[in-house]
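Chemist: show me how the following folds:
(one chain, ligands or ions: 3)
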Amino acid sequence: MATAGKVIRCRAAVAWAPGKPLSVEEVEVAPPKAGEVRIKLVTTGICQTDEHLLQGCFPNTEFPVIPGHEGAGIVESIGEGVTSVKPGDKVIPLCHPQCGECSFCRNPETNYCQRSHFSGPQNLLPDKTSRFTCKGKQINHFLWVSTFAEYSVVPEYAVAKIDAAAPLDKVCLFGCGFSTGYGAAINTAKVKAGSTCAIFGLGGVGLSVVMGCKAAGAARIIAVDINKDKFAKAKELGATDCINPRDFKKPIQEVITEMTGQGVDYSFEAIGHADTMITALASCNMNTGVCVMIGVTDSEISINPTLLLTGRTWKGTMFGGWKPRDSIPKLISSYLEKKFNSDLLITHTLPFAKVNEGFELLRAGKSIRSILLF
Ligand code: APR
Ligand code: ZN
Ligand code: ZN
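Modeler: Ligands and ions are numbered 1, 2, ... in the order given. This is a model prediction of the structure:
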């Protein structure tokens, strides 16, 4: 492409300081270095994790930063040595990488890569530099992907090539929310047919858990949220019961235990609060129950150990347990074969310039997923 090897000037949403609205600015995006890929983003979703970032809840991420981690786009150019993608390929930038070489990547039991930004500088690319500048200042990356930019530079091992037939304005959800929730049920909990499940939080992530539990053949799916407006969609996606903790005097874990006799087989926390993580744990049965934590928080948790002593299992999951470069293309093929309908999670589609409106919809509980089009 004519832009290969050159700095590209384009629009991006910059977070200059915590707690402030995003500012759509002209930024410069440097060409990819060796082992990197420059992607022309076509679309990006807005996830609660971006909101956590904007509120300053990521201690390892410094401002100014370009948020966004649920994007889809087309390769514009590649750096030296890149072999797995070429200009023109449709791709998903991966906020959870897969180097394929480290001992964890070679271990089929985990999807956590030792060369991930989680074990290094989250703000910068692996060589500890940024490819973004704005008004003469360096702008930081977010989770290596920064999808709130028309162009972004990403390490090759954080890029998944996908089917050329995939609609980018729909499959961007596979870059975080859908894959995380669906995989938490399928891969992390390994929900069994005929089982009972409870899902706390019915945002894009929690509703994807509902879809995963349904696909796994769960007999009863109890959906929990303090916003009853989420219940219609939860039912449409497979929830059998929808409950609002504010409608009950007793703690919701007691309500769930009474509803099921002994607590659910699998519970999931897709909110990101310490208290609902403990509630989710207490809602699964004391012997064989499995609780999966998905929500992100930095808060400390204190629990009574007897919750675990009787046999419960408490697990965490990142990116739904998928090894992303291997699995996301396959998951998108299943989507194209209509094995599930993740499009139902998309409630709003907005032009990129309305990014702050997208966050307002999320904060007001009015959207599940808003998709921004560049
Ligand atoms: N009890 C029950 N539901 C709650 C509570 C509560 N105390 N507090 C909030 N909720 C509900 C909200 O009403 C909302 O429907 O949790 C849901 C959260 O959804 P979103 O804000 O859309 O978040 P989502 O993008 O789905 O992400 C959920 O997963 O990846 C992580 O960082 C992400 O921690 C976040 C979580
Ligand atoms: Zn690795
Ligand atoms: Zn996310």
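Chemist: please tell me how far the residue nearest the centre of the chain sits from residue 261.
Modeler: Central residue of the chain (CA atoms, centre = their mean): residue 176, 2.7 Å from the mean position. Applying CB to CB, to the nearest Å, one obtains 35 Å for the distance of residue 176 from residue 261. Just so you know, the C-beta spots here come from the backbone N, C-alpha and C atoms, and that holds for glycine as well.
Chemist: how about low-confidence regions in the protein?
Modeler: 1, 121 (pLDDT under 70).
Chemist: leaving out sequence neighbours, find the closest residue to whatever residue of the stretch 51-200 of the chain ends up closest to ligand 3.
Modeler: For the stretch 51-200 of the chain, the residue closest to ligand 3 is residue 176, as judged by CB to the ion, at 3.3 Å. Leaving aside its sequence neighbours, residue 176 sits nearest to residue 70 (CB to CB, 6 or more residues apart in numbering; 4.3 Å).
Chemist: which parts of this protein sit against ligand 1?
Modeler: Residues of the chain lying close to ligand 1 by CB under 6 Å from any ligand atom are 47-49, 52, 177, 180, 200-206, 224-227, 230, 245, 270-273, 276, 294-296, 362, 365.
Chemist: which among those residues count as buried?
Modeler: 47-49, 52, 177, 180, 200-206, 224-226, 230, 245, 270-273, 276, 294-295, 362 (16 or more other CB atoms under 10 Å).
Chemist: inside helices: which ones of those residues?
Modeler: Members of these lying in helices (criterion: DSSP state H): 48-49, 52, 177, 180, 204-206, 276, 362.
Chemist: got those as a markdown table, with distance to residue 32 columns?
Modeler: Formatted as a markdown table, those follow (distance: CB to CB, whole Å):
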| residue | distance to residue 32 |
| --- | --- |
| 48 | 29 |
| 49 | 25 |
| 52 | 28 |
| 177 | 27 |
| 180 | 27 |
| 204 | 30 |
| 205 | 30 |
| 206 | 36 |
| 276 | 41 |
| 362 | 31 |
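Chemist: so the residue nearest to residue 176 sits against residue 169, correct?
Modeler: No - Residue 70 is beyond contact range of residue 169, at 11.7 Å (criterion: CB atoms under 8 Å).
Chemist: higher neighbour count, the two?
Modeler: residue 70 (30 against 18; other CB atoms under 10 Å).
Chemist: who touches that one in this structure?
Modeler: Applying CB atoms under 8 Å, 6 or more residues apart in numbering to residue 70 gives the contacts 44-47, 95, 147, 172-173, 175-177.
Chemist: run a quick neighbour tally on residue 105.
Modeler: Neighbour number of residue 105 under other CB under 10 Å is 22.
Chemist: now do the contacts for it.
Modeler: If you count contacts by CB under 8 Å, 6+ apart, then residue 105 has 98-99, 113-114, 323 around it.
Chemist: so residue 292 sits in a strand?
Modeler: Yes - when DSSP: H, G, I helix; E, B strand; the rest coil is applied, residue 292 is found to be in a strand.
Chemist: contacts only, for it.
Modeler: Contacts for residue 292 were tallied using CB under 8 Å, 6+ apart; they are 184, 188-189, 266-269, 315-317.
Chemist: elements contacting the lengthiest strand in the chain?
Modeler: Using DSSP state E to define each element, the chain has its longest strand at strand 36-45. When contacts are defined as 3 or more CB pairs under 8 Å, 6 or more residues apart in numbering; DSSP states H and E, strand 36-45 packs onto strand 71-78, strand 90-93, strand 151-155, helix 168-171, strand 369-373.
Chemist: is the longest one in proximity to ligand 3?
Modeler: No - for strand 71-78 and ligand 3, the contact criterion (CB under 5 Å from the ion) is not met; the two come no nearer than 10.9 Å.
Chemist: what angle do that strand and strand 369-373 make?
Modeler: 30 degrees (axes from the mean of the first three to the mean of the last three CA atoms, to 10 degrees).
Chemist: contacts for strand 71-78?
Modeler: So strand 71-78 is in contact with 1, 3-5, 8, 31-32, 36-45, 85-93, 145, 147, 151-152, 156, 159, 162, 166, 168-169, 171-172, 174-175, going by CB under 8 Å, 6+ apart.
Chemist: can I get that strand in PDB, CA atoms only?
Modeler: Written as PDB, here are the backbone C-alpha positions of strand 71-78 (Å, rounded to 0.1, in the frame of the first residue of the first chain):
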ATOM      1  CA  GLY A  71     -11.600  -4.200  17.200                       C
ATOM      2  CA  ALA A  72     -11.600  -5.700  13.800                       C
ATOM      3  CA  GLY A  73      -9.700  -4.500  10.700                       C
ATOM      4  CA  ILE A  74      -7.500  -5.100   7.700                       C
ATOM      5  CA  VAL A  75      -3.700  -5.300   7.600                       C
ATOM      6  CA  GLU A  76      -2.300  -2.100   6.100                       C
ATOM      7  CA  SER A  77       1.400  -3.100   6.300                       C
ATOM      8  CA  ILE A  78       3.800  -5.500   8.000                       C
END
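Chemist: partners of that strand in the sheet?
Modeler: strand 36-45 (antiparallel), strand 90-93 (antiparallel) (DSSP bridges).
Chemist: the shortest one and ligand 3, any residue contact?
Modeler: It stands for strand 90-93. No - taking CB under 5 Å from the ion as the criterion, strand 90-93 and ligand 3 are apart, separated by no less than 12.2 Å.
Chemist: numbering from 216 from now on, please.
Modeler: With 216 as the first residue, the last one maps to strand 305-308.
Chemist: look up how far residue 395 lies from the nearest residue to residue 539 once chain neighbours are set aside.
Modeler: Setting aside the residues directly before and after it, residue 539 is nearest to residue 309 in space (CB to CB, 6+ apart), at 4.7 Å. Distance, residue 309 to residue 395, using CB to CB: 12 Å.
Chemist: which ones are touching the closest residue to ligand 3 within the stretch 416-565 of the chain?
Modeler: As assessed by CB to the ion, ligand 3 sits closest to residue 420 within the stretch 416-565 of the chain, at 7.2 Å. Going by CB under 8 Å, 6+ apart, residue 420 touches 262-263, 392, 395-396, 485, 509-510.
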